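Peer 1: pasting a predicted model and its sequence here:
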Amino acid sequence: MVKASEIPLEIVLEERIRGSKLMVHFRWVFIALLVLLLAMQYFTGYKSESLHAILLIGFYALCNILIAAGLKRNYDPAWSRYGGAAIDTGIIAFHLFYLANSFDQIAVTAAATTFLYPVMILLYTFRLDQRLLVFITLFSIFSFNIVYFYHYFGNPDAFQVSLSLSPSSHIFKSSYLLFIGFLCIYLQHSLKRLIIKQMNESRRNLDAEIELSLAQQKNAHTEELIRQEKELNKQLAREIFERKEAETALAQSREQLHSIISNQLGVTYRCNNDANWSMQFISHQIEKISGYPASDIIGNSKMSYMDIIHPDDREDVVRQVNNGISMKMPFEVIYRITHASGKTVWVQENGRGIFDKDEKLLWIDGVIIDINEKMETEKAYHESEIRFHELTDFLPQTIYELDLAGNIVFVNRAGVELFGEGVRKPDGKVSALQFFIPEDKERMVSNLRDKLQGKGKLFNEYTAICADGRHCPVIIYSSPIIRDGKVTGFRGIIVEISELKRVEEDLRYAKEELETLNMNLEKAVDQRTAELTEANTQLLRLQKENLQSQFDVLKQQVNPHFLFNSLNVLISLIKLEPNLAETFTERLAKVYRYVLENRDENLVPVKTEMDFLRAYVFLIDTRFQGKVIIKIEFDEEKENRLILPLSLQLLIENAIKHNVFSTKSPLTIRLFIDDNGYLNVVNNLQVREKHIASTGIGLNNISSRYSLICDKAPVFEQSQHEFIAKIPLLHA
């Protein structure tokens, strides 16, 4: 229960504020009464007695305005409360003093005037501030006596003519004021006890209501449990009766499920939700991919599937899987595993998290496919390419670029073969909308508008009109083209998915057939064994997601951002400066050749990295025309230490991505080696207001790679005007 001295502070403060506001209103009433009284005195002939109080009333009104302004902002400090009390009492005392001194000595003990002291003390009772109440009581008695005895000792004879003016009568009045003060203090104490009593009574009523509600809920819950127990007993009796027939059907289902899993091309798994990714189940195909039998991975406390993932890829794999699970979407990861023989094998994993009804992660289901041969083929293909424009013509997907009006600015050879040349408008431009059925055009325009606002999906599906007149389903990946901070058009990739649609139809038909065959089995098997009987359908869904994931891999083979930025520069150079365009293409090929040759290397010589960097700097200079200045302030020919491959290119791209620059305010990037053996990459800070989306390859990637090969770590610092990246140089 709440004690008398334990009224919550917020209630005390609220009551004090309310009391202060009440005093403000009283002062205005008092001032109005004084003005009315003075007006009456003035017009009845007491002009001199009335005019003396004009200045006093004005000062009193000004003080009340200041106190009211503070209370509107809940500003009520102790000095303001005590100052207000002193002003209220002082005004009365000064009024008595001035009247007695200038007009009539009886004013010092006039009952009509001294009545204001008790009223003032009573009003301060409601402010719940005992010290303030004691202060105004004592200050009232003190000021009342000071005024009286000042006049009494000045003319004692004048105060003996009447009993009401005598010292004994004045002492009685002072005692009366003291009595009123003690009475108000007791009244304030009683008011506090009343507040506490009401609070305790409200709390007891609330506790009683809560106990009653809990009792009702407990009774209702008990009745529900009894009802559920009866239902479960009935259900258990039915289960026992049907058990034998269900066991036969389950045996057939398990045999069919095992047959389907054995014929899968990939590795099917179910993974627990723990830090080591321990496997509940993994199919025997894992031995063909990794060299480890499934029995070594399932239930082995010394080895888990995480242990065979390549150390350089583990962190990125965990991040991508966790991102997919957190968004409750299927995930796709491409990474390397270490074969039992020691060689490296590229795999593609497609999976998704399985959640219960409370959205709690139960486990992870997925398929792992060996794509090592595919990755090797892609590497050989890219190494054979020399010129960037020729690379786009050999891609099987359509690569395009549109202006803001939807007209085609660029399309590669695959696009021309799939869609044809199209019909040109009077201005000579070709609209991209003519290559799609009318039903999709409005939706395409709406999706492009969403892209301009940063909304919409990564890709959309439409029905295209091919050059031979047939209609084919396609998926279009698109993104805005941003140049000099402005959107100038769209670029993207178009992939025909006719074959994928056919496979989906076959899978849908197979699913319907399988559901028909298992209809009787599903009726017989209870909820506890439903997950096993639905495994066939689950595996078919995994096959579908696997095909979709393979398609997504083909879609992501090209980095649209860097590819199309480079194409933009190259196309403009071909028209204006053919010789420079040829040099640009050679340097671009050199950059890609270096990326493909060294992306799997842990360390490369500084001279090798700088040879690549000079080619990359040429691309930067050509692209930004003096807006980005890169200064190399050390002799790389004499430097024989080692560095992470592509680390300098990542740092320069990072500086360009996160800063704005122009011809007048270029971005300056300096490279030099300090006395501690660190290669410094320093750029001036001109931070963008809105950052572009991160690619996931940046400072954390560099730090993680260094932590795996040495004890030295890179240092990243930011001062008021510069960003400094320090990369350690290592000895061979």
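Peer 2: Received the coordinates, thanks.

Peer 1: quick check: mean pLDDT of whichever strand or helix holds Tyr42?
Peer 2: Tyr42 belongs to helix 9-43 when assigned by DSSP states H and E. In this model, helix 9-43 has a mean pLDDT of 73.

Peer 1: cool, stretch 498-510 as well?
Peer 2: Within the predicted structure, the mean pLDDT of stretch 498-510 is 75.

Peer 1: helices of the stretch 451-600 of the chain, start to end?
Peer 2: Counting by DSSP state H, counting those that start in this stretch, residue ranges of the helices within the stretch 451-600 of the chain are 498-517, 519-524, 530-533, 535-555, 560-576, 578-598.

Peer 1: typo on my end, it should be the stretch 251-400 of the chain
Peer 2: 286-290, 294-297, 305-308, 311-326, 372-384, 388-394.

Peer 1: which among these is found nearest to Asp356?
Peer 2: With respect to Asp356, and counting by C-beta to C-beta, the nearest of the helices of the stretch 251-400 of the chain is helix 311-326 at 13.7 Å. Using the backbone N, CA and C atoms, a C-beta is placed for each residue, glycine as well.

Peer 1: ok so, going back, ranking the helices of the stretch 451-600 of the chain by mean pLDDT, which is last?
Peer 2: helix 535-555 - the lowest mean pLDDT of the helices of the stretch 451-600 of the chain, at a mean of 44.

Peer 1: and the strand or helix carrying Ile171, what does it pack against?
Peer 2: Ile171 belongs to helix 167-262 when elements are defined using DSSP H and E. Using 3 or more C-beta pairs under 8 Å, 6 or more residues apart in numbering; DSSP states H and E as the contact criterion, the neighbours of helix 167-262 among helices and strands are helix 116-125, helix 130-154, helix 519-524, helix 530-533, helix 535-555.

Peer 1: tell me the mean pLDDT over that helix?
Peer 2: Averaged across helix 167-262, the pLDDT comes to 75.

Peer 1: and what of stretch 266-279?
Peer 2: When pLDDT is averaged over stretch 266-279, the result is 80.

Peer 1: tell me which residues in that stretch are buried?
Peer 2: Burial within stretch 266-279, assessed by neighbour count using 16 or more other C-beta atoms under 10 Å, is assigned to Gly266, Val267, Thr268, Tyr269, Arg270, Cys271, Trp277, Ser278, Met279.

Peer 1: of those, closest to Asn683?
Peer 2: Proximity of the buried residues of stretch 266-279 to Asn683 (C-beta to C-beta) peaks at Trp277, which lies at 39.8 Å.

Peer 1: phi and psi next, for the closest one.
Peer 2: Comment: the main-chain dihedrals of Trp277 come out as phi 50, psi 50, following degrees, to the nearest 10.

Peer 1: show me the shaky parts of the stretch 1-150 of the chain.
Peer 2: Along the stretch 1-150 of the chain, the model assigns pLDDT under 70 to residues 1-16, 19, 37-38, 41, 46-54, 76, 96, 98-114, 128.

Peer 1: again, only this time at 80
Peer 2: 1-27, 30-31, 33-35, 37-61, 63-64, 67-81, 83-117, 119-130, 132, 144-150 (pLDDT under 80).

Peer 1: kindly report the same for the stretch 301-450 of the chain.
Peer 2: Across the stretch 301-450 of the chain, residues meeting the criterion (pLDDT under 80) sit at 301-303, 374, 376-396.

Peer 1: now the strands for it?
Peer 2: Taking DSSP state E, counting those that start in this stretch as the criterion, the stretch 301-450 of the chain contains strands spanning 331-338, 344-355, 361-370, 398-403, 408-411.

Peer 1: hang on, Asn273 packs against Ile364?
Peer 2: Yes: under the criterion of C-beta atoms under 8 Å, Asn273 lies in contact with Ile364, with a separation of 7.0 Å.

Peer 1: give me the beta-bridge partners of Asn659?
Peer 2: Beta-bridge pairing for Asn659 (DSSP bridges): Val687.

Peer 1: neighbours around it, how many?
Peer 2: Per other C-beta atoms under 10 Å, the neighbour tally for Asn659 reads 18.

Peer 1: numbering from 584 from now on, please.
Peer 2: Fine by me, first position is 584 from now on; the one you just mentioned is Asn1242.

Peer 1: how much space between it and Glu1216?
Peer 2: Taking C-beta to C-beta, to the nearest Å as the measure, Asn1242 and Glu1216 are separated by 20 Å.

Peer 1: next, the residues that contact stretch 888-908 from outside, please.
Peer 2: Surrounding stretch 888-908, the residues in contact under the criterion C-beta atoms under 8 Å, 6 or more residues apart in numbering are 852, 854, 859-862, 865, 873, 875, 880, 913-914, 916, 918-921, 927, 932, 934-936, 944, 947, 1279, 1287-1288, 1291.

Peer 1: circling back to that earlier point, tabulate the strands of the stretch 884-1033 of the chain (TSV), appending distance to Phe698 and mean neighbour count.
Peer 2: Converted to TSV, the strands of the stretch 884-1033 of the chain look like this (distance: least, C-beta to C-beta, whole Å; neighbours: other C-beta atoms under 10 Å):
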stretch	distance to Phe698	mean neighbour count
strand 914-921	85	20
strand 927-938	78	20
strand 944-953	78	20
strand 981-986	90	21
strand 991-994	94	19
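
Peer 1: now these in CSV, with distance to Asp896?
Peer 2: Formatted as CSV, the entries for the strands of the stretch 884-1033 of the chain read as follows, by distance: least, C-beta to C-beta, whole Å:
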stretch, distance to Asp896
strand 914-921, 4
strand 927-938, 10
strand 944-953, 13
strand 981-986, 29
strand 991-994, 35
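
Peer 1: so for Ala1296, which of the ones you listed sits nearest?
Peer 2: strand 914-921 (23.9 Å).

Peer 1: quick one, the closest one and strand 927-938 angle?
Peer 2: For strand 914-921 and strand 927-938, the angle between their directions (axes from the mean of the first three to the mean of the last three C-alpha atoms, to 10 degrees) works out to 140 degrees.

Peer 1: tell me what strand 914-921 is packed against?
Peer 2: Right, strand 914-921 is packed against helix 869-873, helix 894-909, strand 927-938, helix 1118-1138 by 3+ C-beta pairs under 8 Å, 6+ apart.

Peer 1: relative to Ser887, how far out is Ile920?
Peer 2: Between Ile920 and Ser887 the distance, using C-beta to C-beta, works out to 12 Å.

Peer 1: what of Asn783?
Peer 2: Separation of Asn783 from Ser887 (C-beta to C-beta): 61 Å.

Peer 1: the more surrounded of these two?
Peer 2: When Asn783 is set against Ser887 and neighbours are counted by other C-beta under 10 Å, the residue ahead is Ser887, at 20 against 13.

Peer 1: where does the stretch 1184-1315 of the chain dip in pLDDT?
Peer 2: Applying pLDDT under 80 to the stretch 1184-1315 of the chain flags the ranges 1184-1185, 1206, 1272-1281, 1284, 1288, 1291, 1315.

Peer 1: count the residues that sit near Gly1003.
Peer 2: Gly1003 has 14 neighbours, counted by other C-beta under 10 Å.

Peer 1: apart from its chain neighbours, what residue comes closest to it?
Peer 2: In space, and not counting its chain neighbours, Gly1003 is closest to Ala1050: 3.4 Å by C-beta to C-beta, 6 or more residues apart in numbering.

Peer 1: doesn't Pro1228 belong to a strand?
Peer 2: No: when classified by DSSP: H, G, I helix; E, B strand; the rest coil, Pro1228 is found to be coil rather than part of a strand.

Peer 1: any idea how far it is from Val1264?
Peer 2: Taking C-beta to C-beta as the criterion, Pro1228 is separated from Val1264 by 15 Å.

Peer 1: ok, back up a step: residues in contact with the residue nearest to Gly1003?
Peer 2: For Ala1050, the residues meeting the contact criterion (C-beta under 8 Å, 6+ apart) are Glu1000, Leu1001, Phe1002, Gly1003.

Peer 1: by neighbour count, which of those residues wins?
Peer 2: Counting neighbours by other C-beta under 10 Å, Phe1002 leads those with 23 neighbours.

Peer 1: cross-check the contact I'm expecting between that residue and Cys1049.
Peer 2: Yes: with contact defined as C-beta under 8 Å, Phe1002 counts as touching Cys1049 (6.4 Å).
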